[in-house]
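1. Compute the structure for the input listed below.
(one chain, ligands or ions: 2)
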Amino acid sequence: MSAESTLYNFRDIEAKWQENWEKQQSFQAQVDRSKPKYYVLEMFPYPSGRIHMGHVRNYTLGDVVARFKRAKGFNVLHPMGWDAFGLPAENAAIENNVHPAKWTTSNVASMREQLGKLGLSLDWDREVTTCEPDYFKHEQKMFLDFVEAGLAYRKESWVNWDPVENTVLANEQVVDGKGWRSGAPVERRRLNQWFLKITEFADELLEGIEGLDRWPDKVRLMQNNWIGKSSGARVHFDIIGREEKLEVYTTRPDTLYGASFCAIAANHPISEELAKDNPDLQAFVAECSRMGTSEEEIEKADKLGFDTGLEVKHPFIEGKTLKIFVANFVLMEYGTGAIFACPAHDQRDLDFARKYDLDVIPVVLPEGADPAEFSVENEAYTDSGTIYNSDFLNGMEVDAAKEAAISKLETIKAGEGTINYRLRDWGVSRQRYWGCPVPMIHCDDCGIVPVPASDLPVKLPEDVSFDQPGNPLDHHPTWKNCSCPKCGKDAQRETDTFDTFFESSWYFARYCDAHNEEKAFDKDLANYWLPVDQYVGGVEHAVLHLLYSRFFTRALQKCGYLDVAEPFDGLFTQGMICHETYQDSDGKWLFPADVEKDAGSATHVKTGAPVTVGRSIKMSKSKKNVVDPEDIVETYGADTARLFMLSDSPPDRDLEWTESGVEGAWKYINRVWRMITSPKGPIAPVGASQPEMSGKNLDLLRMVHKTVDALGLDLERLHFNKAVARIRELSNGLEAVKGDDEAAQYLRRIGFETLVKLLSPMTPHLTAELWHALGHKDDLTDVAWPEAEKSMLVDESVTIAIQVNGKMRAKIDVAKDAENSLVEEAALAQDNVQRALEGKTPKKVIVVPNRIVNIVA
Ligand code: ANZ
Ligand code: ZN
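-> Residues are numbered from 1 along each chain as shown. Ligands and ions are numbered 1, 2, ... in the order given. The predicted model follows:
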C-alpha cells in the first residue's frame with residue numbers, strides 16, 4: 001500500500017509540528033514551583049551513527065510518559081544527550097583513519113536529526129555530550145573531591161587484560177574467557193589502577209533497594225545478589241613452621257569438624273612467594289591466570305589444585321592437620337582469598353576432594369537420616385540438618401552451630417564473626433585514548449599529585465596516532481609532560497582515562513543545570529529535579545550502570561553536591577525488538593528488505609532465489625534481521641512507528657516486528673484521520689453543552705468517560721498496549737455515531753476531542769493537527785488531560801432532578817444506586833446549580849436516592 005494515496009499526509013504534517021514545537025520551544029523545562037515536577041529520562045544513547053529500533057522503542061515509551069504527565073499538569077523535564085566516550089570511536093579511528101572526536105561529532109549530528117523526526121517532546125536546550133571538556137571537567141573535579149573524601153584511591157590489582165584491544169576489561173566484558181569485542185582469550189595482569197570505593201556504601205546500597213518499590217523485582221534482586229552480603233567467620237589457622245597465619249573466610253563455621261583441606265588462590269601472597277623458587281607451581285599459577293576472573297567461568301572449569309607442602313593446624317581438633325593447596329576455584333578478590341574446605345557440604349570442595357582423593361567427612365545430618373547409614377558420594381549435601389561428628393556442636397541445628405563455633409573461635413582467639421560482601425570496589429582506570437583523562441600527576445619526588453582544580457579540564461591531545469598498539473596518550477610525544485604542581489619539577493600526567501560508566505553515573509544530574517560552567521550543577525536545581533521520577537532503559541544495565549549511578553549519587557551527596565541519595569525513583573526496563581531471520585541457499589544472512597514473502601514461501605527480491613525463513617530473534621546487525629527506523633519513518637511517518645511500538649506487546653516484553661503490524665498501525669491512523677476530518681455528520685461547536693442523552697447515545701457517552709478513566713490508569717502503570725486497545729475500541733464506538741441530531745453532534749464533539757487528547761502522547765503529530773481541525777486555536781501540547789465524570793462510569797443510570805431552595809435547576813444522569821456523596825458532587829458541579837447558589841455554600845444537601853437532590857442554601 002502506498003502512503004501517498006490516502007488522506008493523511010504525514011510528511012507535511014509531521015514536519016510542520018516538529019518545526020512548530022521547536023519554534024515555540026514547547027518542551028523547554030523551567031523550575032516552576034506552582035506545579036509538581038516530573039523528571040522523565042531514557043538511558044542516553046551511545047552515538048554509534050544511526051538510531052536503531054531499540055532506541056525508537058525506548059524513547060517512544062519515555063515520550064508517552066513525558067507527554068502524559070505534562071498534560072496531567074506536571075512540570076516535566078525530559079532531556080536528551082550523548083554517552084560519547086568509548087571504544088567504538090577509537091576502533092573507527094583505527095579502521096577508517098578518522099579522529100574519534102570527528103567521528104563522534106558527526107554521529108551525534110546525524111542521530112540528533114533522526115531523533116528529531118520521531119517527534120519526541122525533548123528539551124534539547126539541555127543536551128549533554130560527555131566527551132566535551134565542558135562536561136568532563138566537572139567529573140574531573142568530582143574525582144578530586146572523591147580522592148579528598150577517601151572515596152577514590154589507587155592500588156595494584158589483578159585485571160582482565162585483552163591482548164588484542166590492549167586494555168583492561170571488566171569481568172562483564174569477558175565472555176567465555178574471551179574479550180567481548182576482540183574475542184581474544186583474556187589474560188590476567190597486575191596493574192596500578194584507580195578505584196572508586198563503592199564498598200563504602202555497600203550496606204546503604206543494599207538497604208536502599210528496599211525503598212525502590214517502583215523498580216522491577218528482577219533488577220532489585222540482581223542488585224541484591226551483586227552486592228552479595230553474607231555473614232560468617234574469619235578463621236586464623238596456624239601454619240605449621242611459619243609465623244604468619246592462614247586467614248580464611250567461611251560462611252559455614254558450623255562445618256569446621258568436616259574440614260579436610262585448605263585452599264588458596266593462585267595469586268594469594270603465599271602462593272606467589274612459594275612460586276618464586278618452584279617452577280611447577282609457577283606453571284600452575286600461569287595456567288590459572290589464563291582463566292578469566294568471572295565467577296561463572298570458575299564454576300564451570302575443572303577443579304585443579306597444587307599441593308604446597310604446607311599444613312595448618314585444625315583450630316578445634318588437637319593434633320589434626322590440613323594440607324594447603326593452591327586451587328583454581330579460589331578467587332583472590334573474594335573474602336581473604338583462602339578457604340577451608342568441607343567436601344561433604346560444598347560441591348566445589350567435593351569435586352576437588354574426589355579428584356585428589358581427600359577425606360569427605362559429613363557433619364550435617366539431614367532430618368530423619370540414620371547417622372550410621374548417611375554418606376556423601378558425588379553430590380554435596382548443602383541443606384539444613386543436625387550437626388554430628390562434631391564434638392561440642394553435636395545435636396545443634398546449623399544456625400545455632402554457626403553461632404557456637406564462632407563464639408568458641410573467639411574464645412580461643414582463632415577467629416571471629418564477620419560480614420562479607422561480594423561487591424568489589426570499582427576499578428575506573430582504562431588504558432585508552434577516547435575517555436576522560438584522570439586528573440593526576442606523577443612526580444618522582446612528591447608521588448601522585450592531584451591536578452589543581454584551577455587547571456581543569458585536563459583535555460585530550462588532538463594530534464594522536466593509532467598506528468601503534470596500546471594507549472595513544474602514553475605514546476604521545478609531549479602530552480604527558482608537565483610540571484609538578486607541588487614542587488615544580490618535571491613530572492608526568494596520568495595517562496589512564498576513566499571507564500565510560502563514569503560519565504553515565506551523573507549525567508542525569510547535569511541535565512538539571514546543563515549550562516553551568518562553574519560547577520557540575522547547582523545544588524538547588526539538582527535537589528528540585530532529582531530524583532528522576534521515571535527512568536526507562538534496557539535491562540542489560542540492571543547492575544552496573546544503575547548501581548554505579550546509585551553509588552555516585554551517594555558519593556556526591558557526601559561531597560556536598562546535592563541532597564538526594566537515590567537517583568531513580570521509578571525504573572522501567574523495556575523488552576527487545578525481534579524479527580524473523582532470512583538466509584539464502586549459501587547460508588548468508590539477508591535483510592528483511594531484500595526478501596519478498598508470499599503465502600508460505602519467501603524469495604529474494606532481486607534474484608527470485610528461495611530464502612529460508614528462520615525464527616524471530618532480537619534484531620542484530622550480524623543476523624541482518626534489522627529494520628531501519630528511518631525507512632519506516634520515511635514510508636509511514638513517525639506516528640505510525642510509535643503507535644506500532646506501543647500497540648503490539650506489553651512494553652516490558654519482547655516485541656515482534658512485522659510489516660503487517662506496522663501497516664495495521666498506519667491504517668488505524670488513517671481511520672482516525674478520516675473519521676474526524678470527514679465526519680459522517682455535523683460536529684457540535686467547540687464548547688457546546690451537553691444535550692439530553694439517552695439510550696445508545698448515553699451508552700456511548702459513558703464509553704467516552706470510561707475510556708478516559710481506564711486509560712489514565714493504563715498510562716500510570718505503563719500498560720501502553722492496553723491503552724491502545726482501549727482507544728481503538730473507543731474509535732469503533734465513535735464511528736458508529738449516526739445522524740445529525742443534537743446528541744449525535746455532541747457525541748462527535750466530545751468523543752473526537754477526547755479521542756484526540758487520549759491519543760496525543762502516542763501519536764503527537766496526528767493529534768496536534770486534528771485538534772486544530774476540530775476548530776481549536778491553541779496547541780494540543782498545552783491542553784489538559786481530560787477528566788472522567790464519576791457518575792458516567794456506571795452502566796445503568798437514572799435521571800435525577802436537582803432543586804435549589806425548592807426550585808428545579810437541573811437534571812443529571814447518574815448511575816443507578818450511586819453513592820449519595822457522588823450524586824451530591826455531580827449535582828453541585830452543575831453550572832445552573834452553581835448560578836442559583838450565587839456563591840453561597842449550601843447549608844444542607846438532601847439526596848433521595850435515584851429521585852431528587854434538594855439543596856438548601
Ligand atoms: C567452608 C565451607 C563449608 C564453605 C561448607 C561452604 C560450605 P558465599 O556464600 O558465596 O559468600 N569461599 C570463601 N572465599 C572464597 C574465595 N576467595 N574463593 C572461592 N570460594 C571462597 O560463599 C562463601 C563460601 O565460599 C565460604 O564458605 C567458602 O567456603 C567459599 F560446607 O567455607 B565455605
Ligand atoms: Zn613534585
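
2. just checking, Ala491 touches Met440?
-> No. Using CB atoms under 8 Å, Ala491 is not in contact with Met440, being 10.2 Å away. C-beta: built from backbone N, CA, C; applies to glycine.

3. Mind listing the shared neighbours of those two?
-> Val449 (CB atoms under 8 Å, 6 or more residues apart in numbering).

4. helix or strand right after the helix or strand of the chain with the lowest mean pLDDT?
-> Ranked by mean pLDDT, DSSP states H and E, the weakest helix or strand in the chain is helix 295-300, scoring a mean of 70. On the C-terminal side of helix 295-300, the closest following helix or strand by DSSP states H and E is strand 305-313.

5. Who are the packing partners of that following strand?
-> Judged by 3 or more CB pairs under 8 Å, 6 or more residues apart in numbering; DSSP states H and E, strand 305-313 is in contact with strand 229-238, strand 261-264, helix 269-275, helix 279-289, strand 321-327, helix 347-356.

6. mind running it again at 6 Å?
-> Other helices and strands packing on strand 305-313, by 3 or more CB pairs under 6 Å, 6 or more residues apart in numbering; DSSP states H and E, are strand 321-327.

7. Where do the helices of the stretch 751-857 of the chain begin and end?
-> In the stretch 751-857 of the chain, the segments counted as helices under DSSP state H, counting those that start in this stretch are 764-773, 820-829, 831-837.

8. Out of the ones you listed, which one sits most buried?
-> Among the helices of the stretch 751-857 of the chain, the stretch with the highest mean neighbour count (mean count of other CB atoms under 10 Å) is helix 764-773, at a mean of 22.

9. Quick check: mean pLDDT of it?
-> What helix 764-773 shows for mean pLDDT is 98.

10. contacting residues around that helix?
-> Applying CB atoms under 6 Å, 6 or more residues apart in numbering, the contact partners of helix 764-773 are 13-14, 17, 119, 639, 669, 676-677, 756, 759-760, 780.

11. Burial check on Val285, number of neighbours?
-> By the measure other CB atoms under 10 Å, the count of residues near Val285 is 22.

12. tell me which element the closest residue to it other than its chain neighbours is part of?
-> What sits nearest to Val285 in space, not counting adjacent residues and going by CB to CB, 6 or more residues apart in numbering, is Ala266, at 4.6 Å. Assigning secondary structure by DSSP H and E places Ala266 outside every helix and strand.

13. what's near enough to touch Ala266?
-> So Ala266 contacts 285, 288, 326 (CB under 6 Å, 6+ apart).

14. check contacts around the second one.
-> If I follow you right, that is Cys288. Counting by CB under 6 Å, 6+ apart, Cys288 has contacts 266, 328.

15. How about the residues of this structure by ligand 1?
-> Applying CB under 6 Å from any ligand atom, one finds that the chain approaches ligand 1 through 230, 249-252, 255, 329-331, 334-335, 337, 339-340, 342, 345-346.

16. what about 8 Å?
-> 228, 230, 232, 248-253, 255, 258-259, 265, 298, 329-342, 344-346, 348-349, 364, 380, 382, 420, 422 (CB under 8 Å from any ligand atom).

17. In strands, which of these fall?
-> Among the residues of the chain next to ligand 1, the ones falling in strands (DSSP state E) are 230, 232, 248-250, 338-341, 364, 420.

18. Now which of these would you call buried?
-> 232, 248-250, 338-341, 364, 420 (16 or more other CB atoms under 10 Å).

19. which among those residues gets closest to Gly54?
-> Asn420 (37.7 Å; CB to CB).

20. my read: that closest one touches Ser230, true?
-> Yes. Asn420 lies in contact with Ser230 (CB atoms under 6 Å); the separation is 5.3 Å.

21. Low-confidence bits of this protein, can you list those?
-> Within the chain, the segments meeting pLDDT under 70 span 1-6, 170-173, 292-297.

22. so who does the spatially closest residue to Val613 that is not a sequence neighbour touch?
-> The shortest distance from Val613 to any non-neighbouring residue, by CB to CB, 6+ apart, is to Ala602 (5.1 Å). The neighbours of Ala602, taking CB under 6 Å, 6+ apart as the test, are 595, 611, 613.

23. again with Gly681
-> 739-740, 744.

24. Could you rerun that using 7 Å?
-> Contact analysis of Gly681 by CB atoms under 7 Å, 6 or more residues apart in numbering lists 739-740, 744-745, 748.

25. can you check Ala283 too?
-> By CB under 7 Å, 6+ apart, Ala283 lies in contact with nothing.

26. and the residue in the stretch 451-600 of the chain positioned nearest to ligand 1, what are its phi and psi?
-> Relative to ligand 1, the nearest point of the stretch 451-600 of the chain is Val543 (16.5 Å; CB to the nearest ligand atom). Per-residue torsions, Val543: phi -100, psi -70 (degrees, to the nearest 10).

27. Please apply the same query to the one 10 residues further on.
-> Comment: the main-chain dihedrals of Thr553 come out as phi -60, psi -40, following degrees, to the nearest 10.

28. Once you drop chain neighbours, what's closest to it?
-> In this structure, Thr553 finds its nearest non-sequential neighbour in Pro567, 4.4 Å apart by CB to CB, 6+ apart.

29. Which strand residues bridge Val40?
-> Taking DSSP bridges as the rule, Val40 bridges to Gln534.

30. does it really touch Asp63, like I thought?
-> No. Assessed by CB atoms under 7 Å, Val40 is found out of contact with Asp63, at 8.2 Å.

31. if we can go back for a sec, residues near the residue of the stretch 451-600 of the chain closest to ligand 1, how many?
-> The burial count assigned to Val543 is 16, neighbours taken as other CB under 10 Å.

32. same check, this time on Asp740
-> Count around Asp740 with other CB under 10 Å applied: 12.

33. Can you show me the strands along the stretch 651-800 of the chain?
-> For the stretch 651-800 of the chain, applying DSSP state E, counting those that start in this stretch gives strands covering 655-656, 797-804.
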